[in-house]
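K.L.:
what shape does this take:
(2 chains)
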Amino acid sequence: MKKQLLPAALIAIVVGGSATAFAWTAGVIGPRRVSGGTVANALEYNVGGAKPGYRRAHAKGICFTGDFRANGAGSALAGASVLKPGEYPVIGRFSLGGGNPLATDGRNVFHAMALLLRTPNRQEWRMALDDTPIFPVATPQDFVALQYASRPDPRTGKPDPKVMGAFIKKHPETKAFQDYLAKAVLPDSFGNAPYYSINAFRFTDPSGTTRLVRWQFVPETPLKGLDKDRLATLPKDYLVDAFITHTRHTPSRWHLQLIVANPGDVTDRATVAWSGPHRTIDAGVLTIDRAQIEEQGDCRDLNFDPTILPPGIAISDDPLLPARSKAYSTSFTRRAGEGPRPSAAGRDLAGQGAR
Amino acid sequence: MRRDPLHFAPLLRVLHWLMMAMIVTMLFIGVGMVSTTGSAYVTLLHLHRPLGIAILVLVALRLLVRLATGAPELPPDLDAPQRLAAKSSHVLLYAAMFALPLIGWGMLSAGGYPVALSQATVLPPILPHDLRLYAVLRFAHTWIALALFGLILLHLAAALMHGLIRRDGVLQSMTWGDARHDRHTPEHAPVPAPAADIAERDEIAPPPPDESDSPARD
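P.N.:
Modelled structure (predicted):
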C-alpha cells in the first residue's frame, strides 16, 4: 500500500488544485467582487427589502410600441441595419427611477426610456436611457455604496444626512449630479422628455473607422416641467396613467441624435457631460403610438440590457456598461423566478374596471 | 472507422482531448463571468455562447463516432460496482455535454434574448419567450454545469487512479500510450512511460514522482 501513497497524493493534489482554481474563478474564495447579486442586493436594501416579481431598479413603468424610421444618415457612423433607411418596429418601456414599483410619480428621480429595435435579420439594439445626460456615479462600486448611503430613513423619508453627507464628501461627481438634478426640469410627461444614452459607445463605420458616440432622443413636443414644490400633490400614478391616456389619440415623436466625441471628451465616465459643439447626426424619428400597462404590453418580460448591440456598435471602456449588463441580468433572473406582480398602472386600470 | 482493441478510435481520442480543453475552459468562463460586474463579464459572455455552440456540434459528432466505433473492454479484474460507475459516469458526461449548450440556447430563447454567437450571427430561438421557463432553465444551467465540473473531477481522479495506481491500460486507451491490460501489477510492470500524458493532461499537476527513488521498485 505504501508504494501507492505517492500516486494517491498526486491525484489528490491534481483534483484538489482543480477544485480550488474553480472556486477561486467563481469568486467563492479569494478577494470579494462586486457581482450582479451585490448590485441587486444594494438596490433591494435601498427600498427596504426586495420587491419580488419586479425589476430591482426602475421598478415602476409602462410598456409601449411604435417604430423607428431611419433616414440612413447614421450609417456614416455604424453599419448596423437599423441605421439604414427603413422602418423598424420598436418595443419599449417608460419607467421611473427607484426600486419601489408602487412609489408615487411625484419624485425628483430619473424618468427613463428603454428600447428594443429589431431588424428582420435578427440584429438587435437594446437601450436603457435616462432623462439626464449624466449619471451620479462612475463605477459599479460607487453605485453600490450610493444605494447603501442613500437609503431613505423610514421615519423621515430622507437618507441619513450623516451617512449621505460622508458619501457626497468623497464623491464630488455625485454632488455635481445632485446640483444638476436640483436645477433641471422634471418633465411633466414621458412624451416630451429628452432621453440620453448615459454611457459612450464605440461606433465602427463600414470603412473601419471607430468613433466614440453618445446619443439622445430629442422630443418633438417642447419639454414642460412639473412644479417641484408641489410634487406631493401630484396623483400617485400621474405620469404612467397620463401617458397611456395621451397615447390613445396622440403619438409622441423623438429624433435620434448621434453625438460624436470630440478629442478630449471623457468617454469612460458617465458622470461627465460633453460640452461645446459636437458633430451631431440626426439618424431618424422614433414614433410611439401605443402604450399599455405592463400586464398587457410586451416590455415586462424583456431585459433592456444596453450591451445588446447591433454590428458596428460596441461598448466603450465605461465600467458602468458591463455592470449594467450583469446587474440587469441578475435582476431579470430574480424576478423571473418570483413571477410577475401587478404594476401600478395595472392596478389603476383594474380599479377603474371594478368601479 | 476502425480502432485497435486497446484504444478508442483515433478521431474519438482527438475529440476527447480537444473537448476536454474546451469544456474546462467553458466551465471556468461560466463561473467566472457570473461572479463579476467587471469588464470580464462582457468579454467572457461573448466567448461563452460561440464556444458553447461549438461544443454542441462537437459532442454530436463525438457521440456518432463513439457509437460507430465502440470502446475498449474494461480490465477483467474490475469489480461490478466500478464497472457500473464507469459506464454510468460516461452516460452522465455525454448527457451533460448535450444538455448544457441546449439549455443555454433554450434559456436565452425563453428569456427573449437574441442568441448571438457574434453580433452578425444570431441563432433562431428554440423555445417560446416565457419567463417561467427561463427561470427553470437558468437554474438548471448553473446546477448542471456545477455537476459536470464535479463529474469531470471524478473522471480525472478515476483516470489517474487507473493510470498511476492500477496501471491497467484504461487511461492509455484514451491516449497514444501502451494500453496493455496486464500492466496492473506494479511489481512486474516495466517502468511506466505515461509521464508525458500526465503533463499534457493537467498543467496544475506537479512533475511525476521520481520512480527510481521508490523502494517498491527494487
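K.L.:
so which residues on the stretch 201-350 of chain A come close to chain B?
P.N.:
Neighbours of chain B within the stretch 201-350 of chain A, by Cβ under 8 Å from any Cβ of the partner chain: A:301-303, A:307-312, A:314-315, A:317, A:319, A:321-323, A:325-327, A:332-333, A:335-337, A:339-340. All C-beta atoms are positioned from the backbone trio N, CA, C, and that covers glycine.
K.L.:
again, only using 6 Å
P.N.:
Contact residues, the stretch 201-350 of chain A versus chain B (Cβ under 6 Å from any Cβ of the partner chain): A:Asp301, A:Leu302, A:Thr307, A:Pro311, A:Pro322, A:Ala323, A:Lys326, A:Thr333, A:Ala336, A:Gly337.
K.L.:
in which helix or strand would I find the third one?
P.N.:
The reference is to A:Thr307. A:Thr307 is part of no helix or strand, with elements assigned from DSSP states H and E.
K.L.:
ok, the second one next?
P.N.:
Under the assignment given by DSSP H and E, A:Leu302 is not contained in any helix or strand.
K.L.:
you'd agree it is up against B:Tyr113?
P.N.:
No - A:Leu302 is beyond contact range of B:Tyr113, at 8.8 Å (criterion: Cβ atoms under 6 Å).
K.L.:
show me the shaky parts of chain A.
P.N.:
For chain A, the stretches with pLDDT under 70 are A:1-2, A:353-355.
K.L.:
going along the chain, name the strands of it.
P.N.:
Under the criterion DSSP state E, chain A contains strands at A:60-70, A:86-96, A:111-118, A:124-130, A:195-196, A:201-204, A:210-219, A:252-260, A:280-292, A:313-315.
K.L.:
chain B against chain A: which residues are in contact?
P.N.:
Applying Cβ under 6 Å from any Cβ, we find that chain B lies next to chain A at B:28, B:31-32, B:35-37, B:39, B:41-42, B:112, B:114, B:119-120, B:122, B:131, B:134-135, B:138, B:153, B:157, B:160, B:164-165, B:202, B:204-205, B:209, B:216.
K.L.:
so which of the residues you listed sit within helices?
P.N.:
Among the residues of chain B next to chain A, the members falling in helices (DSSP state H) are B:28, B:31-32, B:39, B:41-42, B:131, B:134-135, B:138, B:153, B:157, B:160.
K.L.:
among those, the buried ones, what's the PyMOL command?
P.N.:
Buried members of those can be picked out in PyMOL with the line below, counting by 16 or more other Cβ atoms under 10 Å in any protein chain shown:
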select buried, chain B and resi 28+31+32+41+42+131+134+135+138+153+157+160
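K.L.:
so where's chain B uncertain?
P.N.:
B:1-2, B:181-218.
K.L.:
going along the chain, name the helices of the stretch 51-200 of chain A.
P.N.:
For the stretch 51-200 of chain A, applying DSSP state H, counting those that start in this stretch gives helices covering A:140-149, A:161-170, A:172-183.
K.L.:
now, of those, which is deepest in the fold?
P.N.:
Most buried of the helices of the stretch 51-200 of chain A by mean neighbour count (mean count of other Cβ atoms under 10 Å in any protein chain shown) is helix A:140-149; its value is a mean of 21.
K.L.:
that one close to chain B?
P.N.:
Yes - Helix A:140-149 comes into contact with chain B (Cβ under 6 Å from any Cβ), by way of A:Pro140.
K.L.:
just checking, what's the longest helix in chain A?
P.N.:
Ordering each helix of chain A by length in residues (DSSP H) puts helix A:5-25 first.
K.L.:
who are the contact partners of the residue nearest the centre of chain A?
P.N.:
For chain A, A:Ala128 is the residue whose C-alpha lies nearest the centre (Cα atoms, centre = their mean; 3.9 Å). Shown in contact with A:Ala128 (Cβ atoms under 6 Å, 6 or more residues apart in numbering or on different chains): A:Ala114, A:Phe304, A:Pro306.
K.L.:
just send the helices of the stretch 51-200 of chain A back as CSV, with distance to A:Thr65 too.
P.N.:
Formatted as CSV, the helices of the stretch 51-200 of chain A follow (distance: least, Cβ to Cβ, whole Å):
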stretch, distance to A:Thr65
helix A:140-149, 31
helix A:161-170, 39
helix A:172-183, 30
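K.L.:
do you know which of those helices lies nearest A:Asp227?
P.N.:
Set against A:Asp227 and scored by Cβ to Cβ, the helices of the stretch 51-200 of chain A come closest in helix A:172-183, at 14.3 Å.
K.L.:
tell me how far the closest one is from the chain's mean position?
P.N.:
Using Cα atoms, centre = their mean, to the nearest Å, the mean C-alpha position of helix A:172-183 is found 19 Å from that of the whole chain.
K.L.:
between that helix and helix A:140-149, how big is the angle?
P.N.:
Interaxial angle, helix A:172-183 versus helix A:140-149 (axes from the mean of the first three to the mean of the last three Cα atoms, to 10 degrees): 60 degrees.
K.L.:
residues contacting helix A:172-183, please?
P.N.:
With contacts defined as Cβ under 6 Å, 6+ apart, helix A:172-183 is touched by A:Ile134, A:Pro136, A:Ile168, A:Thr271.
K.L.:
pick out the most distant pair among these.
P.N.:
Within the contacts of helix A:172-183, A:Ile134 and A:Ile168 form the most distant pair, 15.6 Å apart (Cβ to Cβ).
K.L.:
and B:Gly106, what does it touch?
P.N.:
By Cβ under 6 Å, 6+ apart, the residues touching B:Gly106 are B:Ile126, B:Leu127, B:Leu137.
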